[in-house]
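Asker: I'd like to go over a predicted model; first the sequence, then the structure.
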Amino acid sequence: MPKVGVVRLGEYWPILVAAMAGWALDAFDFTLLLFLIPHLKGVFQVGLPALAFVVTATGLSKVVGTIGWGMAADRIGRKLPFVLSILWFSIFCGLSGLAWSYGSLLVFRILFGLGFGGEWSSSATLLMETVPEELKGVASGIMMLGFEVGFLVAALAFRIVFPLAGWRWMLVLGVVPALFTLLVQRRVKESPLWLAREGKREKRVALHATPAVIQGWVFMAFINFMSWAIFALYPTFLITVRHLSPAGVFPFIALYSVASIVGKPIAGRIASRVGERPMLVSYLVLTIPSVLLYTLNASHAAMVLGAVLMGLIPNSIFGIVPMYLARRFPAETRGMGIGIGWAMTSVSVIAPYLIAIVTPVLGLGASMATFIVIGAVLSIATAAIDTERFIPRPEMASRPA
């Protein structure tokens with residue numbers, strides 16, 4: 001049975017690869033800055049809260065971009081917003097390398113954020129409307145491992161490019177994803193569900209905030225609050241608290257990323273077999289004790305195991321997020337609905353700023369641990385609610401030509 005699923009999944013490889021790679025390139029451009037925070041504090045003569053605010057402001061601008069691109073996806077199709085949002089964030093990531101002051105860096109990253117959210121929401125909608133129902137869990141997990149691929153490549157750039165060429169060239173590398181749009185434009189087809197709806201010229205349908213929809217949006221806010229607390233200042237933690245060099249940082253980012261790459265498809269498969277709620281609650285409960293090894297134990301063995309557990313458990317939850325959100329909306333409002341859901345992740349980007357504010361009192365490691373646990377507890381309380389009866393019946397997706 002699993003072999004049949006794998007074979008059938010192969011029929012959808014253009015959109016599957018495009019969705020995963022698009023998210024990887026998005027993550028690469030975003031996380032480049034995370035490795036540079038300790039260095040840019042000296043370049044622009046600002047403190048950790050100021051650089052953490054750049055990350056927060058980027059996320060907040062994503063609110064506007066995500067909802068806007070989601071609305072566009074419902075009106076002009078899923079594919080074009082996917083392509084245009086990649087072009088947008090690529091250009092402004094590259095321009096960030098030309099920043100001449102803290103203020104200019106902040107502006108460039110805010111503009112970057114407008115495209116940052118649109119890529120994910122449009123590609124997730126396109127993917128979930130293309131693959132058949134029984135393959136959505138695995139497809140969702142494969143798409144979401146793209147973030148760790150991008151994070152890992154950004155760590156590699158920090159390991160190789162930063163010592164040789166400096167921070168500006170690291171950010172200029174962010175223009176590379178723009179080339180990927182040529183592949184998307186040629187090989188990826190428009191959503192069959194969107195085309196079918198447009199062919200019937202149906203009236204626009206209002207977005208209804210059902211309990212399942214509200215749960216999805218709230219869950220996205222809480223789970224991403226936890227996620228931002230896990231990864232946003234992790235490179236800074238390794239550099240400033242564990243006193244690692246760029247070469248020393250890379251193995252821990254690699255462990256975290258590879259564990260996530262392995263874990264996300266597994267999480268998608270588990271959710272498809274046992275259901276979303278049992279999978280989510282069990283993963284979130286296991287996250288809490290894992291924090292003890294992640295930031296609160298300085299031994300090398302604990303650091304290694306903590307990086308692996310954070311990637312394998314809480315971060316793998318995101319393997320089911322595209323499926324989790326997509327199934328809560330009918331096709332007519334799915335783009336906007338997923339867009340709003342992903343915009344809720346932007347509200348959560350306040351986490352690294354709060355961590356930076358609390359750090360002088362608790363220390364960076366304890367501050368990260370505190371907010372990771374808070375996010376996990378809030379996510380458990382939300383995910384445990386049963387809203388299954390409010391979820392629309394699945395539509396049939398056409399097989400690829």
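Answerer: Nice, I can see it.
Asker: which residues of the stretch 201-350 of the chain score low on pLDDT?
Answerer: Low-confidence segments of the stretch 201-350 of the chain (pLDDT under 70): 201-206, 331, 335, 345-346.
Asker: could you pull out the helices for it?
Answerer: Under the criterion DSSP state H, counting those that start in this stretch, helices of the stretch 201-350 of the chain are mapped to 211-231, 234-240, 246-274, 276-295, 300-312, 321-326, 334-347, 350-362.
Asker: what's the angle from the last one to helix 211-231?
Answerer: Using axes from the mean of the first three to the mean of the last three CA atoms, to 10 degrees, the interaxial angle of helix 350-362 with respect to helix 211-231 works out to 40 degrees.
Asker: return the set of buried residues in helix 350-362.
Answerer: Buried residues in helix 350-362, counted by 16 or more other CB atoms under 10 Å: Ile350, Ala351, Pro352, Tyr353, Leu354, Ile355, Ala356, Val358, Thr359. All C-beta atoms are positioned from the backbone trio N, CA, C, and that covers glycine.
Asker: next one: the third one
Answerer: Neighbour-count burial for helix 246-274, with 16+ other CB under 10 Å as criterion, is recorded at 246, 249-265, 267-272.
Asker: next one: the fourth one
Answerer: Judged by neighbour count (16+ other CB under 10 Å), helix 276-295 contains these buried residues: Glu276, Met279, Leu280, Tyr283, Leu284, Thr287, Ile288, Ser290, Val291, Leu293, Tyr294, Thr295.
Asker: which residue sits closest to the most centrally placed residue in the chain, ignoring its sequence neighbours?
Answerer: Geometric centre of the chain, nearest residue: Phe147, 5.8 Å, by CA atoms, centre = their mean. Ranked by CB to CB, 6 or more residues apart in numbering and with sequence neighbours excluded, the top spatial neighbour of Phe147 is Ala27, at 4.2 Å.
Asker: again, but for Pro14
Answerer: Arg187 (4.5 Å).
Asker: next one: the one you found, what pLDDT does it get?
Answerer: Looking at Arg187, its pLDDT stands at 72.
Asker: neighbours of it, just the number please.
Answerer: Residues within reach of Arg187, counting by other CB atoms under 10 Å, total 12.
Asker: so it sits against Ala18, correct?
Answerer: Yes. Counting by CB atoms under 8 Å, Ala18 is a contact partner of Arg187 at 7.0 Å.
Asker: surely Val358 is in contact with Ala369?
Answerer: No. In this structure, Val358 is not within contact of Ala369 by CB under 8 Å, at 10.9 Å.
Asker: among the helices of the stretch 201-350 of the chain, which comes closest to Leu106?
Answerer: helix 350-362 (12.9 Å; CB to CB).
Asker: contact partners of that closest one?
Answerer: Helix 350-362 has contacts (CB atoms under 8 Å, 6 or more residues apart in numbering) with 48-49, 51-53, 55-56, 59, 225-226, 228-229, 232-233, 364, 367-368, 370-371, 375.
Asker: to Trp194, which of the helices of the stretch 201-350 of the chain lies closest?
Answerer: Closest among those, once you apply CB to CB, is helix 334-347, at 8.2 Å.
Asker: off-centre distance for that closest one?
Answerer: Here the centre of helix 334-347 is set off from its chain's centre by 12 Å, with CA atoms, centre = their mean, to the nearest Å.
Asker: what sits up against it?
Answerer: Applying CB under 8 Å, 6+ apart, the contact partners of helix 334-347 are 59-63, 66-74, 78, 81, 113, 117-118, 120-122, 124-125, 128-129, 207, 213, 216-218, 220-221, 224, 322, 325-326, 328-329.
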